[in-house]
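In: 3D model of this:
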Amino acid sequence: MNVTSITNTAPHVHAPAGPNPAVPPNEQQRSLIRAVAAVNAADAFGPDNEVTYQVDRKAHQIVVRVVNRKSGQLVNQIPAEYLLRMAEKVNGG
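Out: Numbering: from 1, shown residues only. Predicted coordinates:
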């Protein structure tokens, strides 16, 4: 899975243009980007962490992750990995 960030606080992480960079984000995606940016700007998960999002293509789900900015280590993920694998099976994967 590819994790992308919507903040510019970590130079090694790039802001997403949506699920496919060639396709402009729809209103729901723009809303998600704004919400994640607001959470990161408020340091809601602490100064060392940032919220990222990605699309799990196999499970057809948006995944929100809290990642340590310095180490890149995963702090928390919603939905959990086991739920993504369950959704993947339900979706015929």
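
In: may I see the buried residues of stretch 48-64?
Out: Neighbour counts over stretch 48-64 (16 or more other C-beta atoms under 10 Å) mark Asn49, Glu50, Val51, Thr52, Tyr53, Gln54, Val55, Asp56, Ala59, Gln61, Val63, Val64 as buried. Yep, even glycine has a C-beta here, placed from its N, CA and C like the rest.

In: for the second one, phi and psi?
Out: Spelled out, it's Glu50. As for Glu50, its main-chain torsions (degrees, to the nearest 10) stand at phi -140, psi 150.

In: kindly state the beta-bridge partners for it.
Out: Counting by DSSP bridges, Glu50 is bridged to Val67.

In: separation between it and Glu27?
Out: As judged by C-beta to C-beta, to the nearest Å, Glu50 and Glu27 stand 23 Å apart.

In: which SSE is immediately downstream of the least confident helix or strand in the chain by mean pLDDT?
Out: Ranking every helix and strand in the chain by mean pLDDT, DSSP states H and E puts strand 4-5 at the bottom, with a mean of 48. Per DSSP states H and E, strand 4-5 leads on to helix 27-41 as the next helix or strand towards the C-terminus.

In: just the mean pLDDT for that following helix, thanks.
Out: Helix 27-41 shows a mean pLDDT of 90.

In: and for stretch 75-93?
Out: 89.

In: output that stretch as CSV, nothing but the C-alphas.
Out: Extracted in CSV, the C-alpha atoms of stretch 75-93 (Å, rounded to 0.1, in the frame of the first residue of the first chain):
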residue,chain,number,x,y,z
VAL,A,75,1.2,4.8,15.2
ASN,A,76,-2.5,3.9,14.4
GLN,A,77,-4.6,3.0,11.4
ILE,A,78,-8.3,3.2,10.7
PRO,A,79,-9.7,0.8,9.6
ALA,A,80,-7.3,-1.8,11.0
GLU,A,81,-5.4,-4.0,8.6
TYR,A,82,-7.4,-7.1,9.5
LEU,A,83,-10.6,-5.2,8.6
LEU,A,84,-9.2,-4.2,5.2
ARG,A,85,-8.4,-7.9,4.5
MET,A,86,-11.9,-8.9,5.5
ALA,A,87,-13.3,-6.2,3.1
GLU,A,88,-11.0,-7.4,0.4
LYS,A,89,-12.4,-10.9,0.7
VAL,A,90,-16.0,-9.6,0.7
ASN,A,91,-15.2,-7.6,-2.5
GLY,A,92,-13.9,-10.8,-4.2
GLY,A,93,-10.2,-10.4,-3.6
